Every structure is written in C-alpha cells, then in structure tokens.
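*Asks:* Pasting a predicted model and its sequence here:
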Amino acid sequence: MALPSTIYRANIQLSDIDRGIYESLPFTVARHPSETEERLVARLLAYALFFEPDLTFTKGISAGDEPDLWLKGPDGRVRLWIEVGLPEPQRLIKASRHSERAALVAVGKSLPTWEQQHLSQLEGIPNVMVIRIDQTFITRLVSRLERSISWSITITEGTLYLAVADETLETSLHMR
C-alpha cells in the first residue's frame, strides 16, 4: 500500500518590493511521500519568488514531464516553467524551448558541485534564470516547518526576509 501525501496549509504574506507585489497567499500544498521537507520548503519559496496570479503547483515529483510549478497562458501554452532542486541542465534547456521563461530555484547539499559541473551549460540561454538559495537558510526553515505554515516574506534588493513565529530569517538571492 502506498503512503499518502502529507498536506500542508500555508498562508504567506508576500511583499515583493522589487516587483511591486503585495499579496496574501492562502493555499494548500501536498508533500509526496518521497519528497524531503527541504524540497517542499524550496517549492514554497519558489512560489513566493515567482508569484503571479495564475502560478500553480503541478504534480511535481510524481510527474516526470511536469515542472514543480508553472504558469500557463489562456491558450494553454507554458509561459513560466519552474524547477526546484538540482536537475540535469538538459531538462532546463528543453524547458526553455517549450516555454517563454524557465527558472530554477537551486537548492541542495551538493549545490556547489552542481554549479561547477552544470551551470556553464545554461550560460547564454536568455530565457533561463537560476536563483541559488543558501542551504543553511533552507535547513533553518525546515527546523521551523509545521503542517500549518504562516510566513511573512519580504523580497527587496536581492535579499529575502522570512518571518516565522518570533524569528526573522534572511538570505541573499544569488541570481544568474
């Protein structure tokens, strides 16, 4: 018998000063049994970093041909394809050909090695963006993760501030 997904109820107060977005984002998200809490946290951060009204979570880890999040236009075409983690660069290259924009929120313990081996393959592709998030930040956020998530996120000048309960965490967003 397969294990069920774990359901999280989230409420993110988003202030993306750089893009002029100020939203209250209540939603429910499922964590697949094979998905780590680190990856779930990265998906939630990706949602906030790229928020647009029609941005949606996909089947993600359980559907190999879909990204973690995407934004589709009224005609069904993919406008924004978002991956989380450390995928093979060919996956992003392919996504860049089938969508207006492709993005990677790069997180993981082996991020430095991945960057050395794969980041150069994405150079020169104008519609691919890579945002690196510090693993220490992810780890600290996972330690505060609960089934009912209430975060206040402020993004300004390449820095993400995240308030959870009585603590404010901060990380630089390294973009390429």
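*Replies:* Okay, I see it.

*Asks:* ranges for the helices of this structure?
*Replies:* Applying DSSP state H to the chain gives helices spanning 37-49, 89-98, 111-118, 135-143.

*Asks:* Can you say which of those is packed in most?
*Replies:* Neighbour counts (mean count of other Cβ atoms under 10 Å) averaged over each of those peak at helix 37-49, with a mean of 22. In this view, the C-beta of every residue, glycine as well, is placed from N, C-alpha and C.

*Asks:* now the angle from that helix to helix 135-143?
*Replies:* Calculated by axes from the mean of the first three to the mean of the last three Cα atoms, to 10 degrees, helix 37-49 forms an angle of 100 degrees with helix 135-143.

*Asks:* Pull stretch 43-52 out as PDB, backbone CA atoms only.
*Replies:* Taking C-alpha atoms only, stretch 43-52 is exported to PDB below (Å, rounded to 0.1, in the frame of the first residue of the first chain):
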ATOM      1  CA  ARG A  43       8.900  24.800  -3.600                       C
ATOM      2  CA  LEU A  44       7.100  27.200  -1.300                       C
ATOM      3  CA  LEU A  45       9.900  29.700  -1.700                       C
ATOM      4  CA  ALA A  46       9.800  29.300  -5.500                       C
ATOM      5  CA  TYR A  47       6.000  30.100  -5.300                       C
ATOM      6  CA  ALA A  48       6.700  33.300  -3.500                       C
ATOM      7  CA  LEU A  49       9.700  34.300  -5.600                       C
ATOM      8  CA  PHE A  50       7.800  34.000  -8.900                       C
ATOM      9  CA  PHE A  51       4.300  34.700  -7.700                       C
ATOM     10  CA  GLU A  52       1.800  35.700 -10.400                       C
END
